[in-house]
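Participant: Fold the following, please.
(chains A and B)
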Amino acid sequence: MNAASITGSVTDFLLAVEGLTVSFDGFKAVDDLTFYVDENEIRVIIGPNGAGKTTVLDLICGRTRASDGSIKFKGAELTKLREHEIVHAGIGRKFQNPSIYEDLTVFENLELSYPKGRTVVGALAFKRDAQVIERVEEIAAMIFLENQLDERAAVLSHGQKQWLEIGMLLIQDPELLMLDEPVAGMSVAERKKTAELLHRIIQDRSVIVIEHDMGFVEDIAHKVTVLHQGRILSEGSMAKVKADPKVVEVYLGH
Amino acid sequence: MRTTFLSNREIIGFVVLAVLILVIFPAALDTFRLNLIGKYLTYAFVAVGLVLCWGAGGILSLGQGVFFGLGGYCMAMFLKLEASTPEATAIQSTPGIPDFMDWNQITALPWWWEPFHSLTFTLVAVILVPSFFAFIIGVAMFKRRVGGVYFAIITQAIAAILTILIIGQQGYTGGVNGITDLRTLLGWDIRTDEAKFILYYVNGGLLFACLLVAQFVRRSKAGRLLVAIRDQEDRVRFSGYDVSNFKIFVFCLGGAMAAVGGAMFTLQVGFMSPSFVGIVPSIEMVIFCAVGGRLSILGAVYGTLLVNWAKTTLSESFPELWLFAMGALFIGVVMAFPNGLAGLYATYVEPQLRRIPALRQGGAKPAPQNTPAQ
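Facilitator: From the prediction side, this is the model:
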């Protein structure tokens, strides 16, 4: 894939990130980054701390505004959209620390993420109908929480909270799912279950995952992008990346 | 799992409060004391609005007096115009305009006073003027993601600005004295004992209407979203919601409720002045809400009644002590019982009540720890 430096080019990729740059007080956290994600592709982003991995996700989902460059999703520019509009376009983002609504029940957490009644009037008129309940229960079963629906989310274990947040994204059925360290802080058993969960949910959608656990990466990645100091150090299959001496030096060798 | 509008436990709560306000108080108190309770209850409108804004949505406004005052002033302007007939004001150099205008050498009614000759316009304005003002503040703040302490400080500044404006524009607003000497509503003398008794019931009815609206909002998905916004604003935003719109909505609703309280205050007390608009009354209103429990709409009503009753009792006997008592109360609420009376009720009283078999079916589902009794 030759890095097209012309911003705004038309591609048939699901996500086309071109020349993306963001600087914080002169420090370029992401520097002229270009990469493409295909439909139904699992892309894993790895790299040492401070490489700009989370910032890339922040830029795609609109949490951070790009200084330069373009992000196109299904051909539409995202950099000018507001966060909720990017969600409506079909992009879901899971944060590094489980971010769920601790004061609400598991059911309510999922229900609030159900893509209906998103305006003030819509939310006031929202009815918890059979369709919503069925969908919430379906997702709850998928994320191993079908028996915790009426419990407050605060009492869940760390791993369960991570699953809940993944579930909150799944219920929106996004075309592009972005997961920031989904297995961090999990026990071995939870990690195994999560891998199983991810394998199931990546059907029919593209996923960008940030992960440090190399076993996990090897298990799921179609393609790996290695970031270092805001730039792409290497990109390709896991085997190719692992064999790249630059990658070994800055990341894998440690 | 299915939501009902009111659980059995909540119905009992509403009924108990209704009996207290609509039966026990009128039966047990003389007109003077009942009118006093009526005045306290006008603050309860503000406190209920604060439960939605602050308790549910996490938006602490230290300027609710602004909306209380705007509602109260709208009502006062209508009543003042009715009291300022040319006959009643014949001794003025310009008869037919409010007395304070005449004292300030104003010779014609300002254009923006004119529509307040109409009661219909006034009633609409009581709700819409403060809501619109809240909307402007909300758009200006929440669209820019101003929140937390900064928002609280700005609302406080707005309360201060409005007070200064009202006091400074004496000829148009009655200045520091406010709008006084209000007499009749469409010819009906509001100063008689009978009128005060009726107004007390109107006030009580409106308060319950507000409580039901608040309950509806909290029970709706919008209510759960507000709690979600309070806990994890980013998660809500990245779940596809425009968070600022929900904040603007609840801030306007809280403002509108405060305004209804203000209008009822004017009707029951017979005047409106800047001393109900500024920083001190605004903070007092937050304390009413905090003492009652900022998560509980019924708690807010009890908190308002209790604090005001204490204020009246204490200031009757030891006027200099009240401010210290108020300060101590606020510290107590923050340090010792952050969920206020409602929190104490849920922790200590409810477990006892649940032992009574007759109530057990009503409270079959134990309350989640953080949402004390309604």
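Participant: Pull the contacting residues for the closest residue in space to residue B:305 that isn't next to it in sequence.
Facilitator: Residue nearest to residue B:305 in three dimensions, not counting chain neighbours: residue B:40, with 5.5 Å by Cβ to Cβ, 6 or more residues apart in numbering or on different chains. Yep, even glycine has a C-beta here, placed from its N, CA and C like the rest. Residues in contact with residue B:40 (Cβ atoms under 8 Å, 6 or more residues apart in numbering or on different chains) are B:304-305, B:308-309.
Participant: where does residue B:40 land in three-state SS?
Facilitator: Following DSSP: H, G, I helix; E, B strand; the rest coil, residue B:40 is assigned to helix.
Participant: pLDDT score for it?
Facilitator: Looking at residue B:40, its pLDDT stands at 95.
Participant: and residue 217, what element?
Facilitator: No chain in the question, so chain A it is. helix A:214-220 (DSSP states H and E).
Participant: looking at chain B here, not the other one
Facilitator: Using DSSP H and E, residue B:217 falls in helix B:193-219.
Participant: And that helix, what does it pack against?
Facilitator: helix B:8-19, helix B:25-28, helix B:31-50, helix B:243-269, helix B:297-317 (3 or more Cβ pairs under 8 Å, 6 or more residues apart in numbering or on different chains; DSSP states H and E).
Participant: The residue nearest to residue B:305 and chain A, how far apart?
Facilitator: Here the criterion is Cβ to the nearest Cβ, to the nearest Å. By it, residue B:40 lies 30 Å from chain A.
Participant: so where's chain B shaky on pLDDT?
Facilitator: Along chain B, the parts satisfying pLDDT under 70 run over B:1-4, B:357-374.
Participant: Centroid-nearest residue for it?
Facilitator: residue B:46 (1.8 Å; Cα atoms, centre = their mean).
Participant: dump the residue contacts of that residue.
Facilitator: Contacts of residue B:46 (Cβ under 8 Å, 6+ apart): B:64-65, B:67-68, B:254, B:257-258, B:261, B:285, B:288-289.
Participant: mind redoing it with 10 Å?
Facilitator: Residue B:46 makes contact with B:61, B:64-65, B:67-68, B:71, B:254-255, B:257-262, B:265, B:281-282, B:284-286, B:288-289, B:300, B:304, according to Cβ atoms under 10 Å, 6 or more residues apart in numbering or on different chains.
Participant: Same check on residue B:71?
Facilitator: Residue B:71 sits in contact with B:42, B:45-46, B:125-127, B:129-131, B:255-266, B:272, where contact means Cβ under 10 Å, 6+ apart.
Participant: How many residues are close by residue A:248?
Facilitator: 14 (other Cβ atoms under 10 Å in any protein chain shown).
Participant: Tell me how far it lies from residue B:164.
Facilitator: According to Cβ to Cβ, to the nearest Å, residue A:248 and residue B:164 sit 69 Å apart.
Participant: ok, now residue B:275?
Facilitator: In terms of Cβ to Cβ, residue B:275 sits 13 Å off from residue B:164.
Participant: burial count for residue 94?
Facilitator: Using chain A. 22.
Participant: ah, I was thinking of chain B
Facilitator: Neighbours of residue B:94 using other Cβ under 10 Å come to 14.
Participant: what's near enough to touch the closest residue to it other than its chain neighbours?
Facilitator: Counting by Cβ to Cβ, 6+ apart, the nearest residue to residue B:94 once its immediate chain neighbours are dropped is residue B:107, at 4.8 Å. Contacts here follow Cβ under 10 Å, 6+ apart; on that basis residue B:107 touches B:92-94, B:97, B:101.
Participant: Name the helix or strand for residue B:107, please.
Facilitator: Counting by DSSP H and E, residue B:107 is part of no helix or strand.
Participant: can you list the residues of the stretch 201-350 of chain B near chain A?
Facilitator: By Cβ under 10 Å from any Cβ of the partner chain, the residues of the stretch 201-350 of chain B that approach chain A are B:216-217, B:220-250, B:295.
Participant: Is there a quick PyMOL command that grabs whichever of those are buried?
Facilitator: Here is the PyMOL command that picks out the buried ones among those, judged by 16 or more other Cβ atoms under 10 Å in any protein chain shown:
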select buried, chain B and resi 217+220+221+222+223+224+225+226+227+228+229+230+231+232+233+235+236+237+238+239+240+241+242+243+244+245+246+247+248+249+250+295
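Participant: hmm, back to that, could you list the buried residues of the helix holding residue B:217?
Facilitator: Buried residues in helix B:193-219, counted by 16+ other Cβ under 10 Å: B:195-196, B:199-200, B:203-204, B:206-208, B:210-211, B:213-215, B:217-219.
Participant: can you give me the offset of it from its chain's centre?
Facilitator: The offset between the C-alpha centroid of helix B:193-219 and the centroid of the whole chain comes to 11 Å, using Cα atoms, centre = their mean, to the nearest Å.
Participant: Same question for stretch B:214-222.
Facilitator: For stretch B:214-222, the distance to the chain centre is 18 Å (Cα atoms, centre = their mean).
Participant: cool, and stretch A:154-161?
Facilitator: 19 Å.
Participant: same question, stretch B:216-235
Facilitator: With Cα atoms, centre = their mean, you get 22 Å for stretch B:216-235.
Participant: Span of that stretch from start to end?
Facilitator: Taking Cα to Cα, to the nearest Å as the measure, stretch B:216-235 stretches 24 Å from start to finish.
Participant: now do stretch B:268-288
Facilitator: 20 Å.
Participant: again, but for stretch B:138-146
Facilitator: Counting by Cα to Cα, the terminal residues of stretch B:138-146 are separated by 9 Å.
Participant: which residues touch it?
Facilitator: B:59, B:131, B:137, B:147, B:150-151, B:153-155, B:233, B:237, B:242-252, B:255.
Participant: please redo it, this time with the cut-off set to 7 Å
Facilitator: B:151, B:154, B:244, B:247-248, B:251-252 (Cβ atoms under 7 Å, 6 or more residues apart in numbering or on different chains).
Participant: Show me which positions of it end up buried.
Facilitator: B:138-139, B:141-142.
Participant: As JSON lines, those residues with secondary structure would be great.
Facilitator: Shown next, in JSON lines, are the buried residues of stretch B:138-146 (three-state DSSP):
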{"residue": "B:138", "secondary structure": "helix"}
{"residue": "B:139", "secondary structure": "helix"}
{"residue": "B:141", "secondary structure": "helix"}
{"residue": "B:142", "secondary structure": "helix"}
